[in-house]
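*Asks:* Based on what follows, work out the 3D shape:
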Amino acid sequence: MEAALIIFALMVLFTFLGLGVYATVKVVGAAKRGVDRTITQARRTVEDTALRAKSLGQVGVAGALAQLRIDLRTSMRTTQHALHQGVRTDASLKESVQLFERLSAHGHELDDELKHLEQEPDRRRIADSLPDLRERTARITQAADSLRWAARDRARRFADDDLASLSAQIEVESGALRDWSRESVDDLAAAAAAWDAAQGAGPGAHAGTAAGQGPTAAQAPDARAAGPRQAALDPAAPAPAYPWHKTRRPESTT
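*Replies:* Residues are numbered from 1 along each chain as shown. Below you'll find the predicted structure:
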C-alpha cells in the first residue's frame, strides 16, 4: 500500500514538473518572438528612415534607387496590413493573401537587387538598367495596390449593405412606433370627451344618484373610458439611464 502511494505521488510530481517545463518553454518562446519582432520593426524603421534621407538628399542614380525601394516597400507593407486585417472578418480573402505571398517573393527579390545596386560602383551601368527597374517596381506595386483596393472596396460594400438593411429595419420600427402613438392619442381623446360629457350632465345626475337611482349611460362616465384617463393622469415612471445620456448634476443647496 505504501509503495502504491509513493508511486502515485511520484507520478503527480513528475506531471507537475512536466507542466512547469512546458509552460516555461512556451513563455520563453513567446518572449523570444516578441524580442525578435521588436528588433525587426526597429531595423525596418531605421532602414526606411535612411532610404528617405537618401531619396531627398541625393540626386542621380542613388536617389532613384532609394525612391524605388521606398515605393516598393510602402506599397507591399500597406497591402499586407490591409489583407491580414481583412481576413480576420472575411474568410474569402484567404486566396488574396496567398496571391500576395507569391507577389511578396518577387517584391523581396527586387528589393534585395536594388539594395545591392546601391553599393555598385558602376553608376553608368545602373543608370542604363533604371528603366527596367522602374518597370518591375511599377508592376509589383500596381498588383499590390489592386489587391489592397479590392479588399477595401469589398469591406466598404459589406458595410454599406449592412447599413442599408439596418436603416430599413429602423424605418419599419419607426413606423410601428408612430402608429402606436396615434392610437394612444385617439384613446386619450375619447376618454377625455366621455369625461367632459359626464361632467356636463349637471347636478341632476348627482341628485339622482343620491336618491338611490342608478346613473344612466349618458350621466356617468364609462369605466372603460375613465381607466385610460386615470392612467394618463398618473405620473410616468422614470426613464432608464443609458451611457449616451449625460449624468444630471445635483442641485446646489446653498
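*Asks:* Packing partners of the host helix or strand of Ser146?
*Replies:* Remark: Ser146 resides in helix 123-199, with elements defined by DSSP states H and E. Helices and strands touching helix 123-199, by 3 or more C-beta pairs under 8 Å, 6 or more residues apart in numbering; DSSP states H and E, are helix 61-86, helix 94-117, helix 223-233. All C-beta atoms are positioned from the backbone trio N, CA, C, and that covers glycine.
*Asks:* and the angle for that helix with helix 94-117?
*Replies:* Counting by axes from the mean of the first three to the mean of the last three C-alpha atoms, to 10 degrees, helix 123-199 lies at 150 degrees to helix 94-117.
*Asks:* could we number from 14 for the rest of this?
*Replies:* Right, with 14 as the first residue, what we last looked at is helix 136-212.
*Asks:* How much space separates Val100 from Ala172?
*Replies:* Using C-beta to C-beta, to the nearest Å, Val100 is found at 16 Å from Ala172.
*Asks:* Which one's more surrounded, those two?
*Replies:* Neighbours were counted for Val100 and for Ala172 using other C-beta atoms under 10 Å; Val100 has more, 16 against 10.
*Asks:* Count residues in the vicinity of the closest residue to the more buried one other than its chain neighbours, would you?
*Replies:* Using C-beta to C-beta, 6 or more residues apart in numbering and skipping the chain neighbours, the partner closest in space to Val100 is Leu106 (4.3 Å). For Leu106, the count of nearby residues is 22 (other C-beta under 10 Å).
*Asks:* ok, now how distant is Leu106 from Glu126?
*Replies:* For Leu106 relative to Glu126 (C-beta to C-beta), the value is 29 Å.
*Asks:* before we move on, what about Leu30?
*Replies:* Look at Leu30 and Glu126: by C-beta to C-beta, they are 52 Å apart.
*Asks:* what does Thr28 give?
*Replies:* Applying C-beta to C-beta to Thr28 and Glu126 gives a distance of 54 Å.
*Asks:* where does the protein dip in pLDDT?
*Replies:* 14, 41-72, 193-201, 214-267 (pLDDT under 70).
*Asks:* How is it divided into domains?
*Replies:* What automatic domain parsing lists as the domains of the chain is 14-70, 71-169.
*Asks:* before we move on, back to that, okay, angle between the helix holding Ser159 and helix 74-99 too, please.
*Replies:* If you take the same axes, to 10 degrees, helix 136-212 sits at 30 degrees to helix 74-99.
*Asks:* thinking again about what came up before, so between Leu30 and Glu126, which is more surrounded?
*Replies:* Glu126 (14 against 10).
*Asks:* who are the neighbours in contact with the spatially closest residue to that one that is not a sequence neighbour?
*Replies:* Leaving out its chain neighbours, the residue that sits closest to Glu126 by C-beta to C-beta, 6+ apart is Leu146, at 7.8 Å. Neighbour list for Leu146: Leu78, Leu81, Leu123, Glu126, Leu127, Leu130 [criterion: C-beta atoms under 8 Å, 6 or more residues apart in numbering].
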